[in-house]
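> based on what follows, work out the 3D shape:
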Amino acid sequence: MPYKAFIEQCKKRKILKGFSIYAIVSWVIIQVAATTFPFLHIPSEAVTYIIMMVLIGLPISIIFSWYYNVIPDDQKISNKTAQIASNKKVSNLFLVLIIILSVIILTIISFLLNKNFDNIETSESVNGNGRIAVLEFSNFITEPGFEKLGKATASWISHGLIENNIARVITPQIINDYSSAMEAALISTKKNVVNDVLAAEKIIEGSISKDGNNLIFKCMLKDGITGEFIIGFEDVVVDSSEPIKGIESLKSKVLGYFATQDNPLLKLQEDPPNYEAYLFILEVKELDITDPKALDLMNKALEIDPDYFEAKVWRLAHYYNIRNYSIADSIRKTIQPNSNSNFRQINLLNFYSALLAGKNRQIYETWANEYKFCPFDLVTNQAMMTLAMQFIFQPSELQSIFNEIKVEEMNLETCISCKYRVHLKAISDIELKKYESAINLLEPYIKINVDHYILEPLIAAYIRTGEKKKLNALFNKLPNLIIEQDWSNMYLVAAREYLLLQDSTTAKMYLDQGIYEYQAKEKNLELAKAYFFKKEYEKAIPILKELDENNQLGSLGKAQLASAYYKLDQFQNSTIVQKEIEDINNLYNFGSKQYALAFIEAQKGNNDTALNLLLEAVKKGYTYGFEEFHNELAFISLSQEDRFQEILGFWH
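Residues are numbered from 1 along each chain as shown. Here you go, the predicted model:
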């Protein structure tokens, strides 16, 4: 029987042994790749490639074992004719099995390719740049209670498109943000913003009317470039007491049109929330997240719909942003995803868990997952830039994020996110020593009421390029450029920059001017810092001490007080203040204690201790602000050391 002979040949050629070794080694390789690749920031698709390579290598390994494993002479068939006949039958059977195995492996690889790589460009394949704009629906209902139905319908459809990864969606909120941020001279209709600025290639619009007790939802899809009609969706008619049912039904029709392949749903919530609760959250999105009114709206939404996931997340974000970390953490622990397969819910919860744990790389990566859904949303985009610059210190990444949104036509006076994006981009240019790029970006915005977000990096760029004439002209204009309580702080900015360049003479000039202003305006914290920069510690100490007694000093302010005592040989006082910092036992200090202690040790000349503390601060989540680390005067002597550079790149 050829089957028996085939089995015997497999044993003699050690096919099963070779297969076992190959399977074990392959399994180990796959497990190592799946475990380590996320930490090495290698795309997850790479693991799939490895699995496919292992599958392709399997028949090759078996063929190699069959033809190149030598059978010992004492196991060979003695009859030469019988041996040839047997070998031919066995070889034919082996060939058939290899073909079958290859077909199975090719089928598996085809499945992996379709499952993992067909959807990578889903959003781009929907239309050229993948951008679908959803306009606020026209609302022809004048009865009370339906005022926000048009906005709610557009918003819910937008969420559906985003959550199913169907397209890069321009939501009504984005359109409103862009419209309000346009320069007064360039104010356009929302459709012009959609076409000319946001470059949508498809537009969803519609209307809502009422006929008796029925609500009628109409919706159409148009070409964003030509304006041509593409498709009209079947009208949705529901009872006027169930508007959310109509919105959900219309969303399903729109998704059904675009979803031409099976995509895993990435919903924030499987079941739609209560309509009234949903309207409250729409109002929240129009407010500053730290506004107490926003919190009141979140609480109202949760009173109506206790399972409303998005409302819970907004409430968590509110407490985090007002720095009430203990409440934020307790809220986070009470929120559970609706299911273990809901990617966006799990990702957002992981994001806030990482924030509260100070795990900066995880913070960045989880927000990057959220960012990919809507990179041109102003708030989302600004947050991505902030995380890249301040949480992992990778200024080179800001250019591509910044370029997602056009800024030339934005009015920074009315758009906080626009202003902060420009600030971050300028800071990144300065860190990359692209000073002219920063200057060219910032100079057009020097107008009335421009605040420190624009002026601080511009002053730094002027000083680092030696543009003293422009710097002097800027300071002459300061009283007319910035609100009174802020403009005098620019003296400290200029002084710090000159001290970083070790030009103490010019720095002293700005410090003297600043001290005059701070004394007149009773700005004690700035005054103490100016005296500290001038090394007039005996003048800084009484001010810092009074601020400390009134609980107005943070840990870094305490570090300046301890350092001032030390510089004046008041070692006992210095030790007392340092001990107060060491005794800080706040679970959510995110490395600020270690950073303050590093400041003191650097002032004492204990560089190794300072470096160890800085590394500990970064590990605990301390962020890279523009005045910290290599831009901190206390660390000038450390900034060129290899260990210091490793600290700057700790989260890379």
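> confidence-wise, which helix or strand of this structure is lowest on average?
helix 122-126 (a mean of 40; mean pLDDT, DSSP states H and E).
> now the next helix or strand after that one: average pLDDT?
Downstream of helix 122-126, the first helix or strand assigned by DSSP states H and E is strand 131-134. Strand 131-134 carries an average pLDDT of 89.
> give me the next element, helix or strand, following strand 131-134.
Past strand 131-134, the next helix or strand by DSSP H and E is strand 138-139.
> contact partners of that next one?
F146, E147, L149, G150, E205, G206, S207, I208 (CB atoms under 8 Å, 6 or more residues apart in numbering). Where you see a C-beta, it was placed from the backbone N, CA and C, and this is true even at glycine.
> average pLDDT for whatever helix or strand comes next after it, rounded please.
With elements assigned by DSSP H and E, the helix or strand that comes after strand 138-139 is helix 149-163. Mean per-residue pLDDT for helix 149-163: 88.
> go on, stretch 439-451?
84.
> which stretches of the stretch 51-200 of the chain form helices?
80-117, 122-126, 149-163, 172-181, 190-192 (DSSP state H, counting those that start in this stretch).
> actually the stretch 301-450 of the chain, not the one I typed
Using DSSP H, counting those that start in this stretch, the helices of the stretch 301-450 of the chain run over residues 309-321, 325-334, 343-357, 360-371, 378-386, 398-402, 416-431, 435-442.
> how close does the nearest residue to L597 once chain neighbours are set aside sit to F393?
Counting by CB to CB, 6 or more residues apart in numbering, L597 lies nearest to L613, which is 5.0 Å off, once chain neighbours are set aside. Here L613 is placed at a distance of 18 Å from F393 (CB to CB, to the nearest Å).
> give the buried residues for the helix or strand hosting V28.
Using DSSP H and E, V28 sits in helix 15-36. Neighbour-count burial for helix 15-36 flags I15, G18, Y22, S26, A33 (criterion: 16 or more other CB atoms under 10 Å).
> ok now that helix, how far from the chain's centre?
36 Å (CA atoms, centre = their mean, to the nearest Å).
> quick one: end-to-end length of stretch 570-589, please.
Using CA to CA, to the nearest Å, the end-to-end distance of stretch 570-589 comes out at 28 Å.
> returning to that earlier point: from the buried residues of helix 15-36, pick the one nearest I170.
A33 (37.5 Å; CB to CB).
> show me the contacts for the closest one.
A46, V47, I50.
> which of those residues has the most neighbours?
Ranked by the number of neighbours (other CB atoms under 10 Å), these place V47 first, at 20 neighbours.
> which of the helices or strands spans it?
helix 45-68.
> which one of the helices of the stretch 51-200 of the chain has the lowest average pLDDT?
helix 122-126 (a mean of 40).
> next one: whichever strand or helix holds N299 to chain centre, how far?
Element membership for N299, per DSSP H and E: helix 292-304. Mean-position distance between helix 292-304 and its chain equals 26 Å (CA atoms, centre = their mean).
> same question, stretch 559-573
40 Å.
> what's the average pLDDT for that stretch?
96.
> mind listing what's buried along it?
A559, Q560, L561, A562, S563, A564, Y565, Y566, K567, Q570, N573.
> kindly report the same for stretch 606-623.
Quick answer for stretch 606-623 (16+ other CB under 10 Å): 607, 610-623.
> filter the buried residues of stretch 559-573 down to the ones in helices?
Using DSSP state H, the members of the buried residues of stretch 559-573 that fall in helices are A559, Q560, L561, A562, S563, A564, Y565, Y566, K567, N573.
> okay, helices next: where are they in the stretch 451-600 of the chain?
452-464, 468-481, 484-487, 490-500, 504-521, 524-533, 537-549, 555-567, 571-582, 592-604.
> worst average pLDDT in the ones you listed?
Taking the mean pLDDT of the helices of the stretch 451-600 of the chain, helix 484-487 comes last: a mean of 62.
> contacting residues around K359?
G621.
> any weak-confidence spans in the stretch 301-450 of the chain?
Along the stretch 301-450 of the chain, the model assigns pLDDT under 70 to residues 338-341, 408-410, 448-449.
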